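# make a model of this:
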Amino acid sequence: MVATFQQFVTQLQLEPETAEKKQKIGIIGGTFNPPHIGHLIIAEQVADKLGLDKVFFMPNAKPPHVDVKEAIDPIDRARMVQAAIMGNSRFDVELLEVQRGGKSYTYNTMLQLKLEHPNYEYYFIIGGDEVAYLKTWYRINDLLNLVKFVGVNRPGQPKASAYPVIWVDVPDLMISSTDIRKRISHHQSVRYLVPDLVAAYIVENGLYLNEK
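All right, here's what the predicted structure looks like:
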């Protein structure tokens, strides 16, 4: 059952004050179909520049967008994320949306995470192109009480928003999951575009071979 915003507020009111230091936690959500080097660079750069204690990669089960993306099984995508972040102690994976299944809305997810981890201060990382669409996000004003948005630069995208956004500049490598899938379907190399363990998982499981 999805928690309500009122339950979140009530729980905070009932919790005793604690001297424990809040942890700064980044969340980078997405389809990760597949995860690639660009995702890792964004997470590392934001974590470094904002002093985050940890960054959680959060694959979704089914994107809530109007134009539904065709994505492989969320379990495969989650396993690829786990393979991609191996070796970086500051990175982890958050499986809440995969375990819940169905369409995922950021407000519902972050409300649940805040209830489970009241000592986490969340920084939700999105691309500069996504910042322009924040006004369309489900319960965006309530969501702003749960997270701080971090926008990473995109070529041609202005660093401006009607909502509070922390902007971070990251190297623009022009790498996309769409291009990687097409390369795989045409039997072209994706070496150095995805981590080696992700490439191995894709080959071992025969993923993306029929991409159009």
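# got a list of what the residue nearest to L95 when sequence neighbours are not counted touches?
Nearest residue to L95 in three dimensions, chain neighbours excluded: A78, at 6.0 Å (C-beta to C-beta, 6 or more residues apart in numbering). For the C-beta atoms, the positions are set from N, CA and C on the backbone; glycine is no exception. Residues near A78 by C-beta atoms under 8 Å, 6 or more residues apart in numbering: 59, 93, 95, 98.
# ok, and the most crowded of those?
P59 (27 neighbours; other C-beta atoms under 10 Å).
# is D92 in a bridge, and if so with what?
F56 (DSSP bridges).
# so how far is Q82 from it?
Plainly put, D92 is 9 Å away from Q82 if you go by C-beta to C-beta, to the nearest Å.
# more crowded one of the two?
With neighbours defined as other C-beta under 10 Å, D92 and Q82 compare such that Q82 has more, 19 against 15.
# buried stuff in the strand or helix carrying that one?
Q82 is located in helix 74-84, with elements delineated by DSSP states H and E. Using 16 or more other C-beta atoms under 10 Å as the test for burial, helix 74-84 gives 74, 76-84.
# stretch 46-63 now?
For stretch 46-63, burial by neighbour count (16+ other C-beta under 10 Å) applies to 46-47, 50, 52, 54-63.
# tell me where the protein has helices.
Along the chain, counting by DSSP state H, helices occupy 5-14, 37-50, 74-84, 96-100, 106-116, 128-131, 140-143, 177-185, 196-204.
# nearest to G156, out of those helices?
Minimum separation from G156 across those (C-beta to C-beta) falls at helix 128-131, 8.9 Å.
# quick one: mean pLDDT over that closest one.
Taken as a whole, helix 128-131 has a mean pLDDT of 90.
# hey, C-alpha coordinates of that helix in CSV?
Extracted C-alpha coordinates of helix 128-131, given in CSV (Å, rounded to 0.1, in the frame of the first residue of the first chain):
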residue,chain,number,x,y,z
GLY,A,128,18.4,19.3,-17.9
ASP,A,129,15.9,18.3,-20.5
GLU,A,130,13.7,16.8,-17.8
VAL,A,131,13.7,19.9,-15.7
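# which positions in that helix come out as buried?
Buried residues in helix 128-131, counted by 16+ other C-beta under 10 Å: 128, 130-131.
# what do you get for stretch 195-206?
Neighbour counts using 16+ other C-beta under 10 Å place 195, 197-199, 201-202 of stretch 195-206 among the buried residues.
# can you put the residues you listed in TSV and add distance to K148?
As requested, the buried residues of stretch 195-206 are exported to TSV (distance: C-beta to C-beta, whole Å):
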residue	distance to K148
P195	28
L197	31
V198	29
A199	34
Y201	33
I202	34
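# save these as TSV, and put in pLDDT too.
As requested, the buried residues of stretch 195-206 are exported to TSV (pLDDT from 0 to 100):
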residue	pLDDT
P195	98
L197	98
V198	98
A199	98
Y201	98
I202	98
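# for those, which one is nearest T136?
Nearest member of the buried residues of stretch 195-206 to T136, counting by C-beta to C-beta, is V198, at 30.9 Å.
# so that closest one makes contact with I85?
No: using C-beta atoms under 8 Å, V198 is not in contact with I85; the gap is 9.9 Å.
# looking at the residue nearest the centre of the chain now. What's its pLDDT?
Computing the C-alpha centroid of the chain and ranking residues by C-alpha atoms, centre = their mean puts G29 first, at 1.6 Å. Looking at G29, its pLDDT reads 96.
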